[in-house]
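[1] Sequence first, then the predicted structure:
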Amino acid sequence: MATVAAKQRPNTDPIVNLMLNGGRVTAGYRAALFDAANRAGMSVNEFVLTAAAEKLKASGRQFSGVFRSGDLNACGRA
């Protein structure tokens, strides 16, 4: 039986919960969002948070990752 090594995460930034409320959009926007997330192989939450992270990076904000430190760089994103 093969042993899989667990991926070690640096202890630089703690992982925290993010709760968002009150998001109301048009039915067409919601359908497009769900379709795009599905095509990317992500949940809608992951898709939205990654898109927000890409926008923050593009505007010059510095942070270590979204879900894990360095995950935007590992995915080939900004």
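    Ah, there it is. Numbering: from 1, shown residues only.
[2] can you tell me the average pLDDT over stretch 19-26?
    Here stretch 19-26 scores 88 as its mean pLDDT.
[3] Distance from that stretch to the middle of the chain?
    17 Å (CA atoms, centre = their mean, to the nearest Å).
[4] Find the helix or strand that the residue nearest the centre of the chain is a member of.
    The C-alpha lying nearest the average C-alpha coordinate of the chain belongs to T50 (CA atoms, centre = their mean; 3.2 Å). Per DSSP states H and E, T50 falls inside helix 44-58.
[5] Would you check how far apart the residue nearest to the centre of the chain and A27 are?
    Using CB to CB, to the nearest Å, we find T50 at a distance of 23 Å from A27. C-betas here are computed from N, CA, C, even on glycine.
[6] Next: P14.
    In terms of CB to CB, P14 sits 37 Å off from A27.
[7] any weak-confidence spans in this protein?
    For the chain, residues meeting the criterion pLDDT under 70 lie at 1-11, 73-78.
[8] how about a cut-off of 80?
    Counting by pLDDT under 80, the chain shows low-confidence ranges at 1-13, 68-78.
[9] Let me see the ranges of the strands in it.
    Remark: no strands are assigned in the chain by DSSP state E.
[10] Helices of that one, start to end?
    For the chain, the helices defined by DSSP state H cover 27-40, 44-58, 71-74.
[11] Ok, which of the ones you listed comes nearest S64?
    Closest of the helices of the chain to S64 is helix 71-74, at 8.7 Å (criterion: CB to CB).
[12] Identify the residue nearest the residue nearest to the centre of the chain in space, chain neighbours excluded?
    V66 (5.9 Å; CB to CB, 6 or more residues apart in numbering).
[13] ok, how many other residues are close to the one you found?
    20 (other CB atoms under 10 Å).
[14] what separates it from T26, distance-wise?
    Counting by CB to CB, the gap from V66 to T26 is 26 Å.
[15] Kindly report the same for L72.
    Taken as CB to CB, the span from L72 to T26 is 29 Å.
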